[in-house]
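A.B. asks: got a predicted model here, sequence first, then my questions.
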Amino acid sequence: MRNALAATLIVVGVSAGFTFAATTTARADFRVCNATQELVGVSIGYRARTGWITEGWWHVEPTKCKTLIEGPLASRYYYLYAEDALRGGRWDGPVNMCVAEREFKITGVNDCFARGFQRSGFREYDTGNQQSWMVQLIDEAQQSENTNTNTNAQ
């Protein structure tokens, strides 16, 4: 259910010469940066020893970053869902996981509704063997601007 104002998710590579690339830095963590002008709510999903976990919400202010997972990454795959509550934009994907309206940590991704949760589509990130990862959220207007000027959103 994508809104007309739905935002576009861009993973920015600091050393790459194109958008939609991964980045690693000296930090060992999973970070999300908000390059929009609106407050964004972010949730993350990952596989832990106890099973699938989803956690949220981190409120990422405009032009700021938040660390969602501190320390070296223990999993190869992470999943992200974010939304701009003011304009209704979403950064999502095809992998369904459970979320809640308020702060949450949910074990398991099945039967979300039966367990009193909502279900949202998360986007998968293959971090390979990297110990850190950064995702930068930009809106559609910024993506067009960056594409037209051939610059990276960093």
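C.D. replies: That came through fine.
A.B. asks: all helices of this structure, in order?
C.D. replies: With DSSP state H, the ranges of helices along the chain come out as 140-149.
A.B. asks: list the contacts for the most centrally placed residue in it?
C.D. replies: Geometric centre of the chain, nearest residue: residue 80, 3.6 Å, by C-alpha atoms, centre = their mean. Shown in contact with residue 80 (C-beta atoms under 8 Å, 6 or more residues apart in numbering): 9, 32, 42-45, 91, 93, 122-123, 125, 135. (Each C-beta comes from the backbone N, C-alpha and C, glycine too.)
A.B. asks: may I ask which of those residues comes out lowest in pLDDT?
C.D. replies: Checking pLDDT across these, the minimum falls on residue 9 at 39.
A.B. asks: what's the neighbour count on the closest residue to residue 64 other than its chain neighbours?
C.D. replies: Using C-beta to C-beta, 6 or more residues apart in numbering and skipping the chain neighbours, the partner closest in space to residue 64 is residue 34 (5.9 Å). Using other C-beta atoms under 10 Å, residue 34 has 25 other residues around it.
A.B. asks: buried subset of the contacts of residue 80 as a ChimeraX selection?
C.D. replies: Typed into ChimeraX, the line below selects the buried ones among the contacts of residue 80, using 16 or more other C-beta atoms under 10 Å:
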select :9,32,42,43,44,45,91,93,122,123,125,135
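A.B. asks: among the contacts of residue 80, name the ones in strands.
C.D. replies: 9, 32, 42-45, 91, 122-123, 125, 135 (DSSP state E).
A.B. asks: of those residues, which is the nearest to residue 69?
C.D. replies: Ranked by distance to residue 69 (C-beta to C-beta), these are led by residue 44 at 7.0 Å.
A.B. asks: tell me the pLDDT at residue 112?
C.D. replies: At residue 112, the model reports a pLDDT of 96.
A.B. asks: check contacts around it.
C.D. replies: By C-beta under 8 Å, 6+ apart, the contact set of residue 112 is 96-99, 118-119.
A.B. asks: how about a cut-off of 10 Å?
C.D. replies: By C-beta atoms under 10 Å, 6 or more residues apart in numbering, the contact list for residue 112 reads 54, 96-100, 106, 118-120.
A.B. asks: from residue 81, how far out is it?
C.D. replies: 12 Å (C-beta to C-beta, to the nearest Å).
A.B. asks: ranges for the strands of this protein?
C.D. replies: 8-10, 29-34, 40-48, 51-60, 65-70, 77-83, 90-91, 95-99, 104-107, 118-126, 133-138.
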